[in-house]
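**Q** Give me a 3D structure for the following:
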Amino acid sequence: MRFIIAFLMILNQGFSNLFSLPPEDIIFESSYEVAIKKAQKLNKNVLILVGRDIKENLIKDFLNSFTNGEIIHKVSRKSVFLVIDKDNEIFNKINLQKSPTIFFVDSKNEQIKAAYVGAVLSSVQFDKDFLNYVMGAIKSTSVLKKQKDYEINTADERTFFYKTLKGDWRLKFNGKDRKLVLFDTDLKEFLVFKDINENKLYAIPKSRIGNIYFSLLGNEEWKLFGKIK
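**A** A predicted model of the protein is given here:
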């Protein structure tokens, strides 16, 4: 009888520690570039854990938020995990409203597709919309909190400007990603970007309301590019 009780105590201890260590099939990275490249190679996406704590605590809290082991394994099959903690070099570039925050990034174009804001220990697994998106069950971008922080859509939904986690702006146009850089002009009410591969400029109102315009470099004639949705 004592043997059975002792065995059950050991078994119970084993289950309680199940999520204190990362499962073998979960990849945790500390470098954005490494995580993106690995995700692209493995045909996965990137889940980014951002928080005002050390890496080990963020990982522990994240894993402990899943009482169902099947869910975390499903998420891990679709994702490479990047941990950005208080010691990470790009942490101070992120305006974090709540800690921790989780971002889901499409590795194909480095676009932030969804965000979970709030304490991880409040159980991420119960945010069904976020989990369904991460696991590929739904494609709606309505999950994204404060979407305007990361993406500017035009009335033509196939064309949009978006911001990567590193702070770079890009333009998705005609099925292609175009890299943009900020361009200094006299248009104080607009953010003006230059396409690094073409001599084109794009002017987006800082209010993010109204129209987007484009012009050829060296030509002050601005033409309508699209209406902000």
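**Q** Please give the number of neighbouring residues around Q40.
**A** 15 (other C-beta atoms under 10 Å). C-betas here are computed from N, CA, C, even on glycine.
**Q** can you pull the contacts of the nearest residue to it once chain neighbours are set aside?
**A** Spatial nearest neighbour of Q40, excluding adjacent residues (C-beta to C-beta, 6 or more residues apart in numbering): S107 at 4.9 Å. By C-beta atoms under 8 Å, 6 or more residues apart in numbering, S107 lies in contact with I36, A39, Q40, K44, N45, V46, V80.
**Q** Listing partners with orientation, what would you give for the helix or strand harbouring F214?
**A** Using DSSP states H and E, F214 falls within strand 211-216. Next to strand 211-216 in the sheet, as set by DSSP bridges, lie strand 200-205 (antiparallel), strand 223-227 (antiparallel).
**Q** Just send those strands back as TSV, with distance to F66 and mean neighbour count too.
**A** Converted to TSV, these look like this (distance: least, C-beta to C-beta, whole Å; neighbours: other C-beta atoms under 10 Å):
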stretch	distance to F66	mean neighbour count
strand 200-205	39	20
strand 223-227	41	14
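**Q** Save those as TSV, and put in mean pLDDT and distance to N57 too.
**A** Formatted as TSV, those follow (pLDDT from 0 to 100; distance: least, C-beta to C-beta, whole Å):
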stretch	mean pLDDT	distance to N57
strand 200-205	89	39
strand 223-227	86	44
